[in-house]
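Undergrad: Sharing a model that was predicted from the sequence below.
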Amino acid sequence: MKILIKANYILTMNEKDEVIEDGAVIVENGKISKISKISDIENENVDYIIDDRPNILLPGFINTHTHIAMVGFRGFADDKDLMDWLNNYIWPAENRAVDREFIRIASLLAICEMIRTGTTTYNDMYFFEEITAEISREIGIRAFLGEGLIDFPTPSFKNPEEGLKIVKSFIENYLNDEYIHPTLCLHAPYSCSKDLILRGYEIAKKYNIPIHMHVAETKSEIEIIKNKYGLTPVRYLNSIGVLNHKFISAHSVYLDDEEIEIYKNHNVSVAHNPQSNMKLSSGIAPIVKMLRKNINVGLATDGTASNNNLDMIDEMRSCSLIHKVHLFDPKVVSAKEVLKMATIYGAKVLGIDNLVGSIEINKKADLITISLNSFHLMPIYDPYSAIVYSANGLDVSSVLINGRILMEKKELTFIDFEEVKYNAQKLKEKVIGSL
């Protein structure tokens, strides 16, 4: 199908940061085939027109670190320290409540929330990822998925050996899939043995897939790793040789200048989770220093148990504001830069910037429009500023992934809201019943 999308502003997010006013994009066979002024393209023969002006057209958001099925624990254990939150609430609840049915219901709810708020690609680490993959592919959202490997039993495996078998099987099933991109997920340096990390690294190397890991998230993690190995988490991972251009480091809150240089030298990418880090009082990652070193830094929500939503626009605003006040500098992490973190930089983190992340000819048509037809978005002087500082996820109007329309004029095209709402209540009943 040949689709014409009209927009008051097109934010291309390309290398030149081109903004096209009164612009249009034509989508054919899942790809962007033409970008121009509306006046130059309006008479073109097309099968379908999306015109939800006044609006902004831009690439879909890329969430570089999350645990989407944790929507089932949204609000379940708030206002706790990370280790207390994990050890005494989340991990016990997961072991009792999480099964294939839980993952199926929670994944669908989370994917609906992501698409509704403009996310077109996400990078996930959790359990029973084959269920999440099945739902993601059926709906048509781009997903980087990996079973979370850890030293102790989880809802989906009894021991690391069994976990590794599940991981290999998942990778081989989805290695060349259009929508599903397998990753090798290691929970964290404090929860994975050296042997497990090295075996995971070899699997990732064999299949040429990303490694995804929580690193240097809290002060307590730093102390745990120092006491165990005599090194900080980053230095420890560097010493065992697992850092490379395929390594995605989630959080990276506690890094010194030498460790930032280690990331740069090994082309490590970072998934920045400002709201989760604030909510758990973990700290503020030094991403301004990382960005100045040209380290790939993408934006992420983390799971909704520590956020508590998957709204990337909300995340952008928090990201920009927290670094301004932290560094007493209103110029850092500008609206344009944080929007890049949520789009093209995120694509670079995941290694798919040749496919998505910007509006360019022959790239995949992963596109969203943001409606400007609200009081809080009037008037518009700067479209970047309007999105980051004034908009929210519910202002997203239309969403296309691979050229398929998954939302138009704020209505999801693939599911009924009442069905999702009914199933969400089941999640609560399942968690409460497990206590």
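TA: Ah, there it is.

Undergrad: Tell me which stretches of the stretch 101-250 of the chain form strands.
TA: Counting by DSSP state E, counting those that start in this stretch, the stretch 101-250 of the chain forms strands over residues 119-126, 142-149, 180-182, 184-186, 211-215, 247-251, given from the N-terminal end onward.

Undergrad: Nearest approach to Leu11 belongs to which of the ones you listed?
TA: For the strands of the stretch 101-250 of the chain, the distance to Leu11 is smallest for strand 119-126, at 14.6 Å, taking CB to CB. Bear in mind the C-beta positions are built from the backbone N, C-alpha and C, glycine included.

Undergrad: re the thing from before, of all the strands of the stretch 101-250 of the chain, which one is nearest Val27?
TA: In this view, the strands of the stretch 101-250 of the chain are compared for proximity to Val27 by CB to CB, and strand 119-126 is the closest at 13.3 Å.

Undergrad: for that closest one, packing partners?
TA: For strand 119-126, the packing partners by 3 or more CB pairs under 8 Å, 6 or more residues apart in numbering; DSSP states H and E come out as strand 61-66, strand 142-149, helix 344-350, strand 396-401.

Undergrad: give the contact list for the residue lying closest to Ala97 once chain neighbours are set aside.
TA: Closest residue in space to Ala97, ignoring its immediate chain neighbours: Ser434 at 4.0 Å, by CB to CB, 6 or more residues apart in numbering. Contacts here follow CB atoms under 8 Å, 6 or more residues apart in numbering; on that basis Ser434 touches Ala93, Arg96, Ala97.

Undergrad: again, 10 Å this time
TA: Ser434 makes contacts with Pro92, Ala93, Glu94, Asn95, Arg96, Ala97, Val98, Asp99, Phe102, as judged by CB atoms under 10 Å, 6 or more residues apart in numbering.

Undergrad: got it, and Ile248?
TA: 64-65, 123, 125, 144, 183, 185, 210-213, 215, 268-271, 296, 298, 300, 349-351.

Undergrad: Show me what it bridges to in the sheet.
TA: His212, Ser269 (DSSP bridges).

Undergrad: can you tell me how far it sits from Ala133?
TA: Here the criterion is CB to CB, to the nearest Å. By it, Ile248 lies 18 Å from Ala133.

Undergrad: rewinding a little: I'd like the strands of the stretch 101-250 of the chain laid out as a markdown table, including distance to Pro54 and mean pLDDT.
TA: As requested, these are arranged in a markdown table below (distance: least, CB to CB, whole Å; pLDDT from 0 to 100):
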| stretch | distance to Pro54 | mean pLDDT |
| --- | --- | --- |
| strand 119-126 | 22 | 98 |
| strand 142-149 | 28 | 98 |
| strand 180-182 | 35 | 98 |
| strand 184-186 | 41 | 98 |
| strand 211-215 | 38 | 98 |
| strand 247-251 | 36 | 98 |
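
Undergrad: mind giving me TSV with those strands and columns for distance to Gln275?
TA: Below are those laid out as TSV (distance: least, CB to CB, whole Å):
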stretch	distance to Gln275
strand 119-126	15
strand 142-149	20
strand 180-182	25
strand 184-186	21
strand 211-215	16
strand 247-251	12
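
Undergrad: I'd say Asn296 and Val270 touch.
TA: Yes - counting by CB atoms under 10 Å, Asn296 touches Val270, with 6.9 Å between them.

Undergrad: In terms of neighbours, single out the busier of these two.
TA: Taking other CB atoms under 10 Å, Asn296 and Val270 do not tie; Val270 has more neighbours (30 against 24).

Undergrad: Need the pLDDT of the more buried one.
TA: Val270 is assigned a predicted lDDT (pLDDT) of 98.

Undergrad: and it, what is it in contact with?
TA: Applying CB under 10 Å, 6+ apart, one finds that Val270 lies in contact with 64-65, 215, 247-252, 255, 260, 263, 285-287, 290-291, 295-298, 300, 341, 345, 349.
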